[in-house]
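*Asks:* Let me see the structure of the following:
(2 chains)
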Amino acid sequence: MAEAEAHGHGGETRRDFIFLLGNAMAVVGAAAFAWPLIDSLAPAADTKAASTTEVDLAPVKPGQAITVKWRGSPLFIRSRTPEEIAKAVKDDKASMPDPQADEARHQDGKAQWLILVGVCTHLGCIPLGQGAHDKKGEFGGWFCPCHGSHYDISGRIRKGPAPKNLPVPDYRFATDTRIVIGEKPKKASA
Amino acid sequence: MSSAMQPAPQPRWMRWVESRLPIFGFLKDFNEYPTPKNLNYWWTFGSFAAITLVIMIVTGIVLAMHYTPHVDYAFESIERIVRDVNHGYLLRSVHANGGAMFFLAVYVHMFRGLYYGSYKPPREIVWWFGLVIFLLMMATAFMGYVLPWGQMSFWAAKVITSLFTAIPLVGTDITNWLWGGFAVDNPTLGRFFSLHYLLPFVIVGMVVLHIWSFHSVGNGNPLGIDVKSPKDTVPFHPYYTVKDVFCIGIFLLVWAVFVFFAPDYMGHPDNYIPADPLVTPSHIVPEWYFLPFYAILRATPDILFINAKLAGVLAMFASILLLFVLPWLDSSKVRSANYRPAYRVLFWILVADCIVLGFCGAYAPDEGVFRTASKAFTWLDLARIATAYYFLHFLILLPIVSRLEKPKQLPFSISEPVVKPAAARA
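*Replies:* Numbers count the residues shown, from 1 in each chain, chains lettered A, B, ... in the order given. As a prediction, the model looks like this:
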């Protein structure tokens, strides 16, 4: 009787069961030990707390630009004049490496505010163009001096080796003149 | 029998590797290693030390990713680990309490060696490698304790590194070289961090040598007699792998009790005060595992032409270094104290003496032992008696007793005490 229990179907025994159970528990134990070690490398609480930045836009006049540090990188915040906005929209259909409409690169009703991550998408230099007297490249936006990438007044790559447009980070308008960078805009209630 | 141990032919890829580097044969030999079948639970403490070393290295490497070895940032970086880093409180607690668990395992392991004659021929080199590991552990633990840069960290570093000024003539120059300056400061912290990261890997190498050396001559066993035939042994796997894993589970449970229920119990509250070179704590004490040596250090008076400070340093180092010549101090041919009734008494008195030394290290030397206001008998007096007895044990009592004692009759073989009564009953 005991033997019949010991030999399950296919000749499996209690020993096989114990081996399987023991090894499975060992794997679970090893994973439980490894997980905190691996997860401890992920951004810590203070790093995550620094993941959003509030910026007051009131002092920035049309035609001016400021640079803000966010998550370790510079952010370009440009207050565009109506002429600059018009030029950006006009170029929507122009041939460019990473086609994108200007409308997709700012928030509704806030075409004046262009907020971009100021890191060239080629190899990571910081493009010139924030200062009033900086070289702004052939398209009036930004110019990366490292390898000659030209970005237009919507931050799109137009000429040069960079593959992608300057990224637009998540941000939302807390008030008309304060933005919180790093958070998505709240969905408007229906 | 479906679970019979039929060796299947090795897969081709394994044979490819094996012919280039015989790693699988090596592991097979390790698993099948003929181990005496009578090892008792005192033999599991070596495996506790090994698993603790692995865990300390793994947690230490991850902690080092978040730690800043600079006097202005060290303390804060550890607070950041505990508060902000994901699971940081756990990593820190495991690592800090692991240091204590490591010494707990190693002290029991060493006293096992003393009781069962594991240092006797042909295992003298096993013993020496073990002592080197112990010295490396002490250095590593000392430097690791300095890293949080709390009050105890700083002042322990100051006291212990200042010991080197006791060396005649060149003492101060050597100490300034050690410090990288004129006092314990940032250069000292930086080099302690580097060495604290390095030494555990040196310990790993020494552990490999330690295990190799007792694999060459064979394990000792509680009876202290040589293995006579394969019938006295069992393969290491599965018998001792399973036993070790089970006992490691209990060891880890004890460790976990400290980590989760009393993470700072073995620490000193003053180490949560950032280091202040201008304020000495009221009681500078090391962690518990250094207390006996601390007691010896403080116990010595001026001896002849040697001042008390130098005498203390020499006595402290001598207390460990004389263990290297233990195989010659204790010359009994009988290994296990089970068969040495006189030595067995001495052994337990030594254990008690070491515990007494530990308490002496914890208290201020000028306080009375029995809390009498008269201070007729202070902790310093007790420390002197206990230190003197420690050296008396090794230098006088052991040589005499080992030569004069009458040991009990040894059994013929490891199997004999088990097999013979059963055969007699049959």
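*Asks:* pLDDT weak spots in chain A?
*Replies:* A:1-11, A:188-190 (pLDDT under 70).
*Asks:* Let me see the ranges of the helices in chain A.
*Replies:* Per DSSP state H, chain A carries helices over the ranges A:2-6, A:14-39, A:45-49, A:82-90.
*Asks:* Next, count neighbours for the residue of the stretch 201-350 of chain B found nearest chain A.
*Replies:* At 8.5 Å from chain A, residue B:245 is the closest residue in the stretch 201-350 of chain B, using CB to the nearest CB. Heads up, the C-betas are built off the backbone N, CA and C, glycines and all. Using other CB atoms under 10 Å in any protein chain shown, residue B:245 is surrounded by 15 other residues.
*Asks:* Residue B:81 now?
*Replies:* With other CB under 10 Å as criterion, residue B:81 counts 22.
*Asks:* Quick check: it vs residue B:263, distance?
*Replies:* 13 Å (CB to CB, to the nearest Å).
*Asks:* Common neighbours of those two, please.
*Replies:* Contact criterion CB atoms under 8 Å, 6 or more residues apart in numbering or on different chains; residues shared by residue B:81 and residue B:263: residue B:89.
*Asks:* Could you measure from the spatially most central residue of chain A over to chain B?
*Replies:* Closest to where the C-alpha atoms of chain A average out (CA atoms, centre = their mean) is residue A:169, at 5.3 Å. Per CB to the nearest CB, to the nearest Å, residue A:169 is found 23 Å from chain B.
*Asks:* I'd say that residue and residue A:70 touch.
*Replies:* Yes: the criterion here is CB atoms under 8 Å, and residue A:169 meets it with residue A:70 at 7.1 Å.
*Asks:* which residues are in contact with both of the two?
*Replies:* With CB under 8 Å, 6+ apart, residue A:169 and residue A:70 have common neighbours A:117, A:181, A:182.
*Asks:* mind putting those in a markdown table, distance to residue B:396 and neighbour count included?
*Replies:* Listed next are the shared contacts of residue A:169 and residue A:70 as a markdown table, based on distance: CB to CB, whole Å; neighbours: other CB atoms under 10 Å in any protein chain shown:
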| residue | distance to residue B:396 | neighbour count |
| --- | --- | --- |
| A:117 | 78 | 18 |
| A:181 | 77 | 20 |
| A:182 | 74 | 17 |
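*Asks:* List just the nearest of the residues you listed to chain B.
*Replies:* Closest to chain B, out of all of the shared contacts of residue A:169 and residue A:70 and judged by CB to the nearest CB, is residue A:182, at 17.7 Å.
*Asks:* Would you mind putting the CA coordinates of stretch B:223-235 into PDB?
*Replies:* Below are the C-alpha coordinates for stretch B:223-235, written out as PDB (Å, rounded to 0.1, in the frame of the first residue of the first chain):
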ATOM      1  CA  LEU B 223      36.200  11.500  18.200                       C
ATOM      2  CA  GLY B 224      39.500  12.900  17.000                       C
ATOM      3  CA  ILE B 225      40.500   9.700  15.400                       C
ATOM      4  CA  ASP B 226      41.500   9.200  11.800                       C
ATOM      5  CA  VAL B 227      39.100   7.800   9.200                       C
ATOM      6  CA  LYS B 228      40.000   4.100   8.900                       C
ATOM      7  CA  SER B 229      37.900   3.100   5.900                       C
ATOM      8  CA  PRO B 230      35.300   4.500   3.500                       C
ATOM      9  CA  LYS B 231      32.700   3.000   5.900                       C
ATOM     10  CA  ASP B 232      33.500   5.700   8.300                       C
ATOM     11  CA  THR B 233      32.500   8.400   5.800                       C
ATOM     12  CA  VAL B 234      29.500   9.500   3.800                       C
ATOM     13  CA  PRO B 235      29.500  11.700   0.700                       C
END
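*Asks:* from the chain's centre, how far out does that stretch sit?
*Replies:* 28 Å (CA atoms, centre = their mean, to the nearest Å).
*Asks:* out of everything not next to it in sequence, what's closest to residue A:60?
*Replies:* residue A:79 (4.7 Å; CB to CB, 6 or more residues apart in numbering or on different chains).
*Asks:* What's the local residue count around the closest residue in space to residue B:291 that isn't next to it in sequence?
*Replies:* The shortest distance from residue B:291 to any residue other than its chain neighbours is 3.2 Å, reached at residue B:361 (CB to CB, 6+ apart). Neighbours of residue B:361 under the rule other CB under 10 Å: 24.
*Asks:* Show me the chain divided up by domain.
*Replies:* You didn't say which chain, so I picked chain A. A:2-39, A:48-181 (automatic domain parsing).
*Asks:* nope, chain B
*Replies:* Segmentation of chain B into domains, based on automatic domain parsing, reads B:26-278, B:285-408.
*Asks:* Out of the ones you listed, name the one with the poorest average pLDDT.
*Replies:* Lowest mean pLDDT within the domains of chain B: domain B:285-408, a mean of 93.
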